[in-house]
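J.: need a 3D model of the following:
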Amino acid sequence: MDTPVPCPGSAPRALLARLGTPAVRTRLGSAAGVLILTVLLWRLGTGVLLDGLRRIDGPAVLAALGIGLVTTVFSAWRWALVARGLRIRLPLGPAVADYYRALFLNAALPGGVLGDVHRAVRHGQSTGDLGRGVRSVVLERAAGQLALFAAGAVMLLTMPSPVRDDMRQAVPLVGLAALGACAVVLALRMNRPASARRDRAPRRLLAEAREGLLSRRNGPGVLLASLVVLAGYLAMFVLAARVAGVGAAVTELLPLGVLALLAMALPLNVGGWGPREGVAAWAFGAAGLGAGRGLAVAVVYGVLSLVASLPGVIVLLARWYAGLRAGRRTATTAAVPGARKHTAYAPSAPSPSAPAAAVASAASVAVLSEVSIEKYAPKESTRLARSSLPFSAEPSEGRPMTPESV
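T.: Residues are numbered from 1 along each chain as shown. Okay, here's the model as predicted:
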């Protein structure tokens, strides 16, 4: 029998396909973030870092919670506006609670985005339209990133920073590259076949983006919310600098904060840690403030941001407790003979295992499994109720009690 000969190049393709999975990308990004932090601590030491952490006191924690409240409420309002543009109802109160929970999961889990994935899937499942629910979260996050890029570019071009001269030299090249890309896209669009031009999917996506972000009804609110959120993030960075003992002027700290925020968008972090600390250390060193001070400011910023997201723990515990009570009521109802014939299950709260599944997940696949657990929570509760019955079962038809008869 002939042995199949592997196709040349199949092994590299299989390896690349395996490396492209979400779980592997998350692990690689987390490893890169840990490596960056390890190298920084090895080169710069821990003296300034520990001194900055010891400076975090009660007023700093309260200020971080206040800034976090403002940024979270305006972020949730932006999300509600975008959802309304996509014809999805999202009250502000639940949006704030879901946003707090997503922020905490982003800070506690590797990758820094799993909380947003969880929020998108839950919102889509609760509205009955998973696609629109996910797109509303994507557009909301895109609005925040666009505001950061636009306002950050203005600050880096006008305020003293280590990259101001390079930015000014790169602006003409970037503008020409953008014009060339637009010309290529326009040419490809005009040369497409007529059947491809009639494809409605891209048009629908663009229409939803315009309605959710740029419409006359939503545009001003989305812009205002994005600017307030960005101002809150920069205020948190200035607070972290003051806590770490950096006395530089605010106009000098803002460009450095923009660079740190831009670094956080890189998918090479552990809950946001890694590139932010590396860029802050480099930027503070280039600005003459000391690389060690930059590392301390970035770490204090990370700690204060985690403190600002702690109300998300309350949301997780409250919904876990509500799901636990709902599961117990369902189990009690299922234990009554004939009760299942007359009981109509309403959409239930998350099952008792929902927070554990969210915290233990390492990729968006785990988030999807949590949604499925919520969907079938009554069946799981019934299974738990039945598992307690064998200990009180009675033998029937004269047969001895065995594991099979039970």
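J.: flag every buried residue along stretch 121-141.
T.: 121-127, 129-130, 132-137, 139-141 (16 or more other C-beta atoms under 10 Å). (Each C-beta comes from the backbone N, C-alpha and C, glycine too.)
J.: so which of these are in strands?
T.: Of the buried residues of stretch 121-141, none are assigned to strands by DSSP state E.
J.: sort out for me which of those residues are in helices.
T.: Assigned to helices by DSSP state H, the following of the buried residues of stretch 121-141 qualify: 121-127, 130, 132-137, 139-141.
J.: now do the SS call for residue 216.
T.: coil (DSSP: H, G, I helix; E, B strand; the rest coil).
J.: elements contacting the one helix or strand residue 107 maps to?
T.: Applying DSSP states H and E as the criterion places residue 107 in helix 92-108. Of the remaining helices and strands, those touching helix 92-108 by 3 or more C-beta pairs under 8 Å, 6 or more residues apart in numbering; DSSP states H and E are helix 58-85, helix 114-127, helix 291-308, helix 311-335, helix 354-360.
J.: again, only this time at 10 Å
T.: In terms of contacts (3 or more C-beta pairs under 10 Å, 6 or more residues apart in numbering; DSSP states H and E), helix 92-108 is packed against helix 58-85, helix 114-127, helix 130-158, helix 291-308, helix 311-335, helix 354-360.
J.: switch those helices over to JSON lines; also include mean pLDDT and distance to residue 244.
T.: Below are the helices and strands packed on helix 92-108 laid out as JSON lines (pLDDT from 0 to 100; distance: least, C-beta to C-beta, whole Å):
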{"stretch": "helix 58-85", "mean pLDDT": "95", "distance to residue 244": "10"}
{"stretch": "helix 114-127", "mean pLDDT": "87", "distance to residue 244": "26"}
{"stretch": "helix 130-158", "mean pLDDT": "91", "distance to residue 244": "21"}
{"stretch": "helix 291-308", "mean pLDDT": "92", "distance to residue 244": "4"}
{"stretch": "helix 311-335", "mean pLDDT": "85", "distance to residue 244": "24"}
{"stretch": "helix 354-360", "mean pLDDT": "38", "distance to residue 244": "30"}
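J.: which of these sits most buried?
T.: Highest mean neighbour count of the helices and strands packed on helix 92-108: helix 291-308, a mean of 25 (counted as mean count of other C-beta atoms under 10 Å).
J.: now that one - C-alpha only, CSV.
T.: Taking Å, rounded to 0.1, in the frame of the first residue of the first chain, the C-alpha atoms of helix 291-308 are listed here in CSV:
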residue,chain,number,x,y,z
ALA,A,291,12.6,56.1,31.6
GLY,A,292,12.1,54.8,35.2
ARG,A,293,9.6,57.5,35.8
GLY,A,294,7.8,56.6,32.7
LEU,A,295,7.5,53.0,33.7
ALA,A,296,6.2,54.0,37.1
VAL,A,297,3.6,56.3,35.6
ALA,A,298,2.4,53.6,33.2
VAL,A,299,2.1,51.0,36.0
VAL,A,300,0.3,53.5,38.3
TYR,A,301,-2.0,54.3,35.4
GLY,A,302,-2.8,50.6,35.0
VAL,A,303,-3.5,50.1,38.7
LEU,A,304,-5.8,53.2,38.8
SER,A,305,-7.6,52.0,35.7
LEU,A,306,-8.1,48.6,37.3
VAL,A,307,-9.5,50.4,40.4
ALA,A,308,-11.8,52.4,38.2
